[in-house]
Every structure is written in C-alpha cells, then in structure tokens.
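**Student:** Fold the following for me, if possible:
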Amino acid sequence: MLEKNPAKKTIFDTKAREAFTKAYKLTNNPLMAFNVGLLFYNDYITADNAQRANIKTLQEINASKPVEKDPKKKAAVEAKYKEQTEPLKKANADLDVKMMDLTNSSIEWLENQYNIRLIVTAVATKNTEDIYITGNFNSWNPGDVNYRLKPFAAGRKAVVIKDIPAGTYAFKFTRGSFDKVETEGDGRDIADRVIEATDKDVTEDITIKGWKDNYPDKPKPYTASPQVKIIDTAFAIPQLDRKRRIWLYLPKGYATSTKTYPVLYMHDGQNLFNEQTAPFGEWGVDEILDSIQKANGKECIVVGIDNGGDK
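**Tutor:** Numbers count the residues shown, from 1 in each chain. Presented below is the predicted three-dimensional model:
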C-alpha cells in the first residue's frame, strides 16, 4: 500500500499486520494468510487510486488559485475554491472510511469457519481400499488418518473437513501415498482440485476416474529442439545456497552471428522445452520461438532455471 500520509500509513500498516497475524494463527500457512490480501485488494486499490486522483485535482486547483488583494474579489475566489475542493475532500474522507472498512472486513472474514463435505460418488477401481484426501489444509499428507474417507449413504464414501478458515483450498485423493494418487481415466496426471469456502459450508460430489498405480509410467519422448542445451546440471547459486539445472535456448545461426540478442530468464526450466522433464507436459517455448524467428525474424536467448522443492 502506497499511502504517503505518515499517520494514515501507520494505521493501515498496523491493520495489515493484524490481519496477517490473525490469518497465520488460523491457518499456520503463510500462503493462506495472504488470502486477506486477495479478499479486498482490488477494491482497496480502486479506492486508493481514486484518492490519489482527487489529491492531484486538489493540487491543480490550488496551483491555479488566483491571488487577490481586493476583499470582494478575494471572497469570491475563496467561495469558488471551497465549492471546487470541499466535494473532493469529503470524497477522500469517505474513501478513508471505505478502505478501513475493507481492512476490518478482511479480518472478520478470516475469523469465519466453514465445513467442507466431499462425497466420492464413483471410484474407477480398487474401491475397497481406504481413500484419503490430501491438500494444502494438511500439508499434503497423502495418508493422514484424520482425512480418511468414511462410508456414506448408497455405497459412497465421504469426508468432512470441519471448522476450516475461509479460503481457497487445493486437494487430491490418494489411497495412502502419492504413488497411488488419483488420475484421469487414461492415467494422465490431473491438476489439483480446487474448492472455495468463502461465505458458507460447501458440499461437492466427486468421481475418481483412475489411480496412478493402475497405469505404469510410459517413457516420455525427448522433445527439445536442437537449439536447446543444458549448460549445467547443478549450477551453484551462492546467494540462495541452491544448485539448479540450467537450460539454454539459442536462436538458429547464433554460433556464426555477430548480433546481440535480448535475453529472457524463465523459471520452471524443466517445463519449458522437454516433455521428458515436464511432469504435466512441456510448454513448447523452443518451438514457439523457432516459429516466431521463421515468421518475422524476431529472436532472443532464453535461460531456463529449474524450480525445486526448496524455493
């Protein structure tokens, strides 16, 4: 928040810290704690921008205000000045109240708790084994007995996550480990399921289409173009005390060219170029750049840095 008024900045900073602290206590998860920002950020920034526009207009009016010595003319100038500025001052005072209300409402929102009921209506195979839910609400523990599904009506299974703070939650189902995580019906990995508990209890029916251990891994093809090289499998980054694999994409003709090229640094290097190293499919950055070069001659170098569990 770019509040310049020192007194107001102190108030809003204090409120922001209060909101974050309360969120962290409720979730013990910094990412979930930032839900407080997601809740009111857009409305807050809109109000803040409106205030700034009003302040700029006030400054312009003040700068153009004529200096009059004649009492009658001076009174007329002051009356006009007041007529122009008072609505803007009132609008900013109202926006102050709105921004504080947004901050307070975000804290109240974090104090709300809900129940999430997930009912598995169909399971592809092996439906006699225990099924668990794992997600960002239990640190992605795939075999947490507290989140084991229980028998439900009509042969179904269900789990109820009770008294969970308001927020957006990602999850998947397993049979006790990620080697037995749910998949698509053809064995492909699925993206995390997402459910929101923001203003009421939630119930959702779910079908599990397949399990990972039903589909032995098939060798993935090597799909990186000839323009892609690995320059180091464990490049040291001393500032972060990390080592990462580094990928390099060079435009065609680079070896004999005297041109200088823009350089694009990209995270998630393992996903950029090669199907073999991309868990959920490569992004085709090399093919896209090859086609752009062919179409209009635009070229660049790409340096790809693998991500890792220890960010």
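**Student:** And the pLDDT at the residue lying farthest from the centre of the chain?
**Tutor:** Here the chain reaches farthest from its C-alpha mean at residue 70, the gap being 60.8 Å by C-alpha atoms, centre = their mean. The per-residue pLDDT reported for residue 70 equals 87.
**Student:** does residue 80 sit in a helix, a strand or a coil?
**Tutor:** helix (DSSP: H, G, I helix; E, B strand; the rest coil).
**Student:** Tell me, how many residues neighbour it?
**Tutor:** Residue 80: 13 surrounding residues under other C-beta atoms under 10 Å. Glycine gets a C-beta too; all of them are placed from N, C-alpha and C.
**Student:** residue ranges for the strands of the chain, please.
**Tutor:** Ranges of strands in the chain, per DSSP state E, are 113-123, 132-135, 150-151, 157-165, 167-174, 182-183, 193-197, 202-208, 210-211, 228-237, 242-249, 263-266, 301-305.
**Student:** Not counting residues beside it along the chain, what's closest to residue 174?
**Tutor:** Leaving aside its sequence neighbours, residue 174 sits nearest to residue 142 (C-beta to C-beta, 6 or more residues apart in numbering; 4.3 Å).
**Student:** Around the one you found, how many other residues sit close by?
**Tutor:** Using other C-beta under 10 Å, residue 142 has 19 neighbouring residues.
**Student:** and it, what is it in contact with?
**Tutor:** Going by C-beta atoms under 8 Å, 6 or more residues apart in numbering, residue 142 touches 132, 134, 174, 176-178, 180-181.
**Student:** which among those gets closest to residue 234?
**Tutor:** residue 178 (24.9 Å; C-beta to C-beta).
**Student:** Buried ones among the contacts of residue 142?
**Tutor:** 132, 134, 174, 176, 180-181 (16 or more other C-beta atoms under 10 Å).
**Student:** quick one on the thing from earlier: will you turn the strands of the chain into TSV that also has mean pLDDT and distance to residue 295?
**Tutor:** Shown next, in TSV, are the strands of the chain (pLDDT from 0 to 100; distance: least, C-beta to C-beta, whole Å):
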stretch	mean pLDDT	distance to residue 295
strand 113-123	82	47
strand 132-135	94	43
strand 150-151	89	57
strand 157-165	86	50
strand 167-174	90	38
strand 182-183	93	37
strand 193-197	87	37
strand 202-208	91	43
strand 210-211	92	40
strand 228-237	94	19
strand 242-249	94	17
strand 263-266	96	18
strand 301-305	96	17
